[in-house]
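1. I would like the atomic coordinates for the input below:
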Amino acid sequence: ALDYAERYGKTLPENGPDYAANRLRMAAVYREMGETDKWRTTLEQMRDAMPNTVYGRMAASELSARALEDRANALTRTN
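-> Okay, here's the model as predicted:
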């Protein structure tokens with residue numbers, strides 16, 4: 001799935017309607033595969049490059065949610 005999404009993404013213009021959606025799908029696949037660094041990098045690029053778009057806000061929201069999850073996990077591990 002990731003290989004297909006990467007090849008498909010290379011055919012899309014960065015300002016095209018499917019580019020951001022494809023990047024978000026790739027980030028989801030990275031996360032499922034345990035590729036946390038690639039997941040985070042993809043979402044950070046989206047957040048920074050397109051902050052006023054739906055996809056940029058979705059990327060920022062997912063990053064924030066993950067930070068909350070990490071903090072909650074850290075609290076439950078110490079107690």
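2. avg pLDDT for the longest helix along the chain?
-> Counting by DSSP state H, the longest helix found in the chain is helix 54-78. Averaging pLDDT along helix 54-78 gives 92.
3. touching that helix from outside, list them.
-> Applying C-beta atoms under 8 Å, 6 or more residues apart in numbering, the external contacts of helix 54-78 come out as 20-21, 23-24, 27, 40, 42-44, 46-47, 49-51. (Glycine included, C-beta is placed from N, CA and C.)
4. at 6 Å instead, please
-> Contacting residues not belonging to helix 54-78 are listed as 20, 24, 43, 46-47, 50 [C-beta atoms under 6 Å, 6 or more residues apart in numbering].
5. ok, and the most crowded of those?
-> The residue in these with the most neighbours, by other C-beta atoms under 10 Å, is Leu43 (26 neighbours).
6. sorry, back to before: pick the one among the contacts of helix 54-78 closest to Arg31.
-> Leu43 (9.1 Å; C-beta to C-beta).
7. could you report the distance from the closest one to Thr76?
-> From Leu43 over to Thr76 the distance is 24 Å, taken as C-beta to C-beta, to the nearest Å.
8. mind checking the SS state of Pro51?
-> coil (DSSP: H, G, I helix; E, B strand; the rest coil).
9. distance check, it against Glu6.
-> From Pro51 over to Glu6 the distance is 24 Å, taken as C-beta to C-beta.
10. what sits against the closest residue to Arg25 other than its chain neighbours?
-> Ranked by C-beta to C-beta, 6 or more residues apart in numbering and with sequence neighbours excluded, the top spatial neighbour of Arg25 is Ala5, at 5.8 Å. Residues in contact with Ala5, defined by C-beta under 6 Å, 6+ apart, are 22, 25-26.
11. need the pLDDT of Ala5.
-> Note for Ala5: predicted pLDDT of 85.
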